[in-house]
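Asks: Using only what follows, build the 3D model:
(3 chains)
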Amino acid sequence: MPSRRFDQARPFLTLGIILAFWLMLPAGLKSFVRASFFELTAPITLAASKVRDLQEFWALRSHSKNELIEAGRDQARINASYEVAVQQTAELKSEIVRLEELLRLPARDQYRLEHARVARRDFSAWWQRIVIRKGRDFGIPAGAPVVFSGGVVGRVVEVRASTAIVELITSPGVRLAGVIEGDSRPISFQGGNNPTFAPPTGIVELMPLDIIASPASPKRLVTSGYGGVFPPGLTLGTVIRAELGSDGLHKSGEVRLDERLGSLNEVTVLVPLNVETALPAR
Amino acid sequence: MNLRRVALLTVPLLLLWAIQTEVNHLLSSRQLFFFAGGLHVAFIALTQPFGPGLAAVLVGGLLCDAATPFAFGTHAALFGFAHNIIFRMRDRIPKDDAIAATLLALFANFGLFLVMSALLSPGGPAAWPRLAADLVCSQVIITLVTPWFFSLQGRLLDLVETALALRAERLR
Amino acid sequence: MPQPLPGDVPGLTVERRDGRDPRILFFYLILAVLLLLLAGGLAHQQLRRTDDHANAERVQTQRRIVHPGPRGNILDRHQRVLVDNRPRFSVRLLLDAIRPEIRDEERIIRRNFRAQDEADKPDLPTLPEIRRLARMSVVQRYLDQVNRILGRDERVDARELDRHFTRELLLPYTLLDDLAPVDYARLLERLPVNSPAQVYTSSVRHYPSGSAASHVLGYVGSTDEVGIEDFPGEDLRTFKMRGSVGRDGVEKRHDDLLQGEAGGAIFRVDPSGNRINPPLAQVRPRQGGNLTLSIDLDLQLAAERRLAETEMAGAAVALDVNTGEVLVLASKPDYDLNAFSPKLNAASAADITARGAWFKRAVQGAYKPGSVFKVLTTIAGFRAGVLQPDSMVQCPGFFRVGNRSFACPGGHAHGEIDLVMAITKSCNVFFYQQGMAIGPEALAREARRFHLDQPTGIDLPDETRRMIIPDPEWKRRVTGEAWQGGDTAQFAIGQGFVDVTPLQMACFAASVARNEVRTQPFLLHDPNRPRQRTEPIGLTPDQRAALLTGMEQVTRRPFGTARILDDPRVLPPLPGLRIAAKTGTAQKQTERGMINFAWLIAFAPVEDPRIAIAVAIEGDTPGEETGGGRYASPVAHAILQAWQESLSPARAGLKVPFRSSE
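Replies: Numbers count the residues shown, from 1 in each chain, chains lettered A, B, ... in the order given. Have a look, this model is predicted:
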């Protein structure tokens, strides 16, 4: 009898011993094992991503010449307008430099733009992350802000040899200091719930009482630049609801985020030129 | 422990992981998530010897853990636990019945999903609709792929074992 | 081992048990009892104590946060903000969440001590010392993290930390307080979401006008008494943010109205103690009621500015003649109320004490009124029938009572002088004679008729009760001495034993302006407050005309003691404004010598009085002539100028509450 009972418990005992052993392993070793497992799967992730690119390439190849000509024409127009914008930006930049020198202001944080393909999107109720196809090989630092054409994507949380993991602003673990466009008072933004078949949402807190926002008159929330991680003026989302918060001094509200965050294919990592001072110690 | 068998059992798990990540990549635009924990453990716990089975399941768990933001080993521990429970019950479950195997995978997945949610749930009751949608999505996909995945694992083992037997015979 | 039964085949042992074996039965019984106990216990735990367990689980997984409601705003009569709230950001450490770290640190400290060489091994600290070291080290670690983010170099205050651990363990420990917006924005972005160190907000009082009306507004202090009614979860672990309570001024007097209603939230926490949004229950705090004071900020600022320019201590009070609402209640020196927000530091407190700025001269300063009291002597003379509008007195420059001689200011002989000129030039001899004729009892009776012997009952704490209207009986009671003729002479010109506050004299001026005996001052503004009506003074039209003429002449050149009000070379003219006033210069013997107190009471316009003013300024140099005309008149002028400007349609239009164009 006892031996049978022991036989029945043996699997759990074995598992218990393994887990106890695992818990006692030094954190460094676990970190190494984790990195190893990640790097083991990285080629699969990258290969799958490249296959998707190839698939896209062939899908594009199937377009007719007329369609390509039309797309080329549209592209040329967009390029023309961007050319103008680039020239204006260059002029504004030189003006900023001139004013900074004149007023003896410290130069603003500067970034190197590192464009990267999204290798994998991993959005659950538990986490919201993407894996991008650039990592240490392109000098991506942990903590670097990541943006796309619609605004802020999130922040790099882990950097591997040829990939990096980005935690999205839709994730409850991400918090930023934003401002309502045209205002200068900082507001706390944090990722919130991400309902199915609907745009992701975030929450705002510490919003001044005089800010009124509703679905009918939403307010655009942009990065403040105060935190030092994100440059100012990048779109976070639109505040669609604001009501008196529990401290009675501020409002809390809901932010609707860009639904394109769920189908990102290409992002840009803003790599600070001075990584030491610009990024939070992790 | 038969390391060759462990490796053999781990290969389909790697494939399952790759498929799971691809499916999630596609589902992300709809804010849905496919969790395949049950599939990771069901076949192995039902058919394989304890030692290699547990080892393969733990490796599969670590594979899932590598890219998640939570304590490294969370998936592995949960998969190991689920493996042991199924292993204990497997005498009472028909091994060759596809429906029984599918139900087992669904139950295992359901249990693992609930435990994961309890451990990691970030949003309280407000996140429940999303969790429910993810669970339904996962269960539907598991229902569809379990027979295929079971047979894939079974065939792979048969194939390798037959090849090894033939080689042994030739050598003899 | 069972024995073979007789008759059994040898070599074959059959195991038989008799169910009625008493020993087996006994064991069955014990087993049954144990099983019953187990089942009973289980049933008790599962059925009867379900609520207890559910409650224990609830207490363990839920946290309650109580926020005091913001206090109401204090506004001036034109709805301009005198006091409101501003959010105050701090970074605080949840001590609950760092408990495991502190335990680890204790182990490390103990191990480090033990690991030292035997030779120079110090004595192992006691457990409380190790605990103190451990929490200092862990808290400093978090502060260093904040320091790195903000580029600061702050250190943990060991004594404050010990105090917090012993007295306020449930509350988060404040690492840094009063953060600038940029600082808290940096912390929001750079502190991990689940860090035990988080940015918190609280509400502190904000005084846009700094020291304006500081003695009226008062200040608040912090309190732990933040109650939240009808909010469940009293048994839960509760984090109470500190509230505030009025400690002085209207903040204290109207604390009930200003005090907000506390709000709170109950959050579920995950196993790591991180709160899970949204809250399970939430009561939003509500701001306290707003308080609209009768103070006019423009007039108040004008009075304070002018008082400050004298560089002497003093007070100025202005009342609405008809309603008694206080338009100005200024007292210098005072203090910047923002120094109290969030907490007055020791250096500022010492500075306020050194400057004597705690003393609210307008309501607490009991001064001899000097010649402004001659208005009351005039009224008493009229009512006693000893004085007529055309009474004449010969002023040789001094007045002898018994063997004591009392002089006019500077020993100046006015010659034959009538009532109007006596008021205009403030001739002491004229009023000595009148006082002697009236008698001290009638003088005191008249003063009491104007309620100068008692506090005004203004809506402020700490109004003094030290005002004195003396008479022979009073002197006998207090000093044990008999009343002398000289006492009556002194009394008649507001010297001697008489003491009044500037607020009382403002009320007196308003009463004279209305031709009534009492004015009740009000600090709360009521747009529909009716005109006050009390007992008429009882003067004939001729008597009142003589009094008012005398008082108006005080503000006129060439003889008026407050003639600088009519001198455009000294003060800007107040076009079309007829002012009735009386100046005074009271003397007080101090340890340093004779100090003068400059006084002025006034009301305007003479034809339809609407504003009454009293100004008192304490001279600061012994022997220096601090005359009411020279020192107090400019303060009254500043108030009247601001008042006149506030009446102009252009300015009045500005004070209409802002309405957005639609």
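
Asks: how would you label the closest residue to chain C within the stretch 1-150 of chain A: helix, strand or coil?
Replies: Nearest residue of the stretch 1-150 of chain A to chain C (Cβ to the nearest Cβ) works out as A:Gly143 at 8.9 Å. All C-beta atoms are positioned from the backbone trio N, CA, C, and that covers glycine. At A:Gly143 the chain is in coil, as set by DSSP: H, G, I helix; E, B strand; the rest coil.

Asks: ok, now which ones touch the residue sitting furthest away from the middle of chain B?
Replies: Of all residues in chain B, B:Arg172 has its C-alpha farthest from the mean position, at 37.4 Å, by Cα atoms, centre = their mean. For B:Arg172, no residue meets the contact criterion (Cβ atoms under 8 Å, 6 or more residues apart in numbering or on different chains).

Asks: rewinding a little: wait, doesn't the residue of the stretch 1-150 of chain A closest to chain C sit right on A:Glu158?
Replies: No - taking contacts as Cβ atoms under 8 Å, A:Gly143 lies outside contact range of A:Glu158: 10.4 Å.

Asks: Surely C:Trp599 touches C:Ala581?
Replies: No - applying Cβ under 8 Å, one finds C:Trp599 not in contact with C:Ala581, separated by 10.3 Å.

Asks: about what we covered before: relative to chain A, how far out is the residue farthest from the centre of chain B?
Replies: Counting by Cβ to the nearest Cβ, to the nearest Å, the gap between B:Arg172 and chain A amounts to 35 Å.

Asks: Pull up the gap between that residue and B:Val59, please.
Replies: 33 Å (Cβ to Cβ, to the nearest Å).

Asks: same question, B:Ala18
Replies: The gap separating B:Ala18 from B:Val59 is 15 Å, by Cβ to Cβ.

Asks: starting at the chain centroid, how far to the longest helix along chain A?
Replies: Scanning chain A for the helix with the most residues, using DSSP state H, yields helix A:65-103. Centroid displacement of helix A:65-103 relative to its chain, using Cα atoms, centre = their mean, to the nearest Å, is 25 Å.

Asks: ok, the next helix or strand after that helix: who's next to it in the sheet?
Replies: On the C-terminal side of helix A:65-103, the nearest following helix or strand under DSSP states H and E is strand A:111-123. Take DSSP bridges as the rule and strand A:111-123 pairs in its sheet with strand A:128-132 (antiparallel), strand A:266-272 (antiparallel).

Asks: quick one: contacts of the shortest one?
Replies: Applying Cβ under 8 Å, 6+ apart, the external contacts of strand A:128-132 come out as A:45, A:116-123, A:140, A:146, A:153-154, A:157, A:163-168, A:170-171, A:191, A:194, A:200, A:264, A:267, A:269, B:67, B:69.

Asks: Repeat the analysis, applying 6 Å as the threshold.
Replies: Here strand A:128-132 makes contact (Cβ atoms under 6 Å, 6 or more residues apart in numbering or on different chains) with A:45, A:116, A:118-122, A:163-168, A:170-171.

Asks: what comes up buried for it?
Replies: Neighbour counts over strand A:128-132 (16 or more other Cβ atoms under 10 Å in any protein chain shown) mark A:128-132 as buried.

Asks: For the stretch 101-250 of chain C, what lies in contact range of chain A?
Replies: C:181-182, C:185-186, C:188-190, C:193, C:201, C:203 (Cβ under 6 Å from any Cβ of the partner chain).

Asks: Let me fix that, I meant to ask about chain B.
Replies: B:18, B:21-22, B:24-25, B:28-33, B:50, B:62-63, B:66-67, B:69, B:72-73, B:77, B:80, B:84, B:87, B:120, B:122-123, B:126-127, B:130-131, B:133-134.

Asks: Show me the shaky parts of the stretch 501-650 of chain C.
Replies: C:626, C:649-650 (pLDDT under 70).

Asks: quick one, strands of it?
Replies: Assigned by DSSP state E, counting those that start in this stretch, the stretch 501-650 of chain C shows strands spanning C:580-590, C:593-604, C:611-618.

Asks: strand partners of the second one, parallel vs antiparallel please.
Replies: The one in question is strand C:593-604. Strand C:593-604 pairs in its sheet with strand C:580-590 (antiparallel), strand C:611-618 (antiparallel), by DSSP bridges.

Asks: The shortest one: how far from the chain's middle?
Replies: In this case it means strand C:611-618. On Cα atoms, centre = their mean, the centre of strand C:611-618 falls 23 Å from that of its chain.

Asks: now swap in the longest one and tell me
Replies: Averaged C-alpha coordinates place strand C:580-590 at 30 Å from its chain's average position (Cα atoms, centre = their mean).

Asks: With stretch A:33-42 instead?
Replies: Counting by Cα atoms, centre = their mean, stretch A:33-42 comes out at 22 Å from the chain centroid.

Asks: One more: stretch C:199-207?
Replies: Worked out by Cα atoms, centre = their mean, stretch C:199-207 lies 17 Å from the chain centre.

Asks: Quick check: closest non-adjacent residue to A:Leu99.
Replies: A:Leu105 (7.3 Å; Cβ to Cβ, 6 or more residues apart in numbering or on different chains).

Asks: Show the pLDDT at the one you found.
Replies: Reported pLDDT at A:Leu105 in the predicted model: 75.
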